[in-house]
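>>> Could you work out the structure for the sequence below:
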Amino acid sequence: MLLDALKDFEWYNEPENVRFNDAGMVIDTRAKTDFWQSTHHNFHKDDGHFFFTRIERDFELVVKWSFEKACLFDQCGLMLRVDERNWFKVSLMSEDASRPKLGSSLTNFGYSDWAVVSLDSPLNEIWYKLRRNGGDYIAYYSLDGIVYNQLRLFHLINDNGELKAGAYACAPRRDDFECVLEVLDIN
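Coordinates of the predicted model:
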């Protein structure tokens, strides 16, 4: 990850501990952070960590995360955001680390949904891709960075003007989670 490529990115809820190593940007999440609005659990959380750039055109965003061990609902993934009531995120969000699930959440008008796909075995790295075409989006994931599987097609209702697109991480159920952002490309 070239540091020069990150100059147009900024933080929303910057983590206390961010550093760089040979693999990329290492992030230690703050305690009990998340992005979620209203639905089912009847709470509002908007304190996860989001590293983003501002964009107003069609794009393709690719991120790759690696991590040692993800625990209950630890997340490191890709996010698209208008504001706290309108956004999309995708990441691993497993209730059981031995049976990982890939979760995506679309939030419109302050209500989050949650769609999951079960994966075959535990993993410690994953790629995500998001394409924007007009106001429509296609989200993908990859286990090898070569073959991408379509995960979701969606429309973000309040997509008008500037968007924030990038990588996010949080740990809703524990004190910390260390993850490494190895790839962050937007075209």
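
>>> what residues are up against residue 77?
Counting by CB atoms under 8 Å, 6 or more residues apart in numbering, residue 77 touches 63, 65, 89-92, 128, 167-169. To be clear about C-beta, it is placed using only N, CA and C from the backbone, and glycine gets the same treatment.

>>> could you redo the last one with a cut-off of 10 Å?
63, 65, 89-93, 102-105, 126, 128, 139, 141, 167-170, 179 (CB atoms under 10 Å, 6 or more residues apart in numbering).

>>> give me the low-pLDDT residue ranges for this protein?
1-4, 39-43, 70-71, 97 (pLDDT under 70).

>>> Try it again at 50.
Across the chain, not a single residue meets the criterion (pLDDT under 50).

>>> one step back: narrow the contacts of residue 77 to those in strands?
Using DSSP state E, the members of the contacts of residue 77 that fall within strands are 63, 65, 89-92, 102-105, 126, 128, 139, 141, 167-170, 179.

>>> thought residue 62 was touching residue 166?
No. Assessed by CB atoms under 10 Å, residue 62 is found out of contact with residue 166, at 11.2 Å.

>>> And those two? Which one has more around it.
Remark: of residue 62 and residue 166, residue 166 carries more neighbours, 24 against 19, as counted by other CB atoms under 10 Å.
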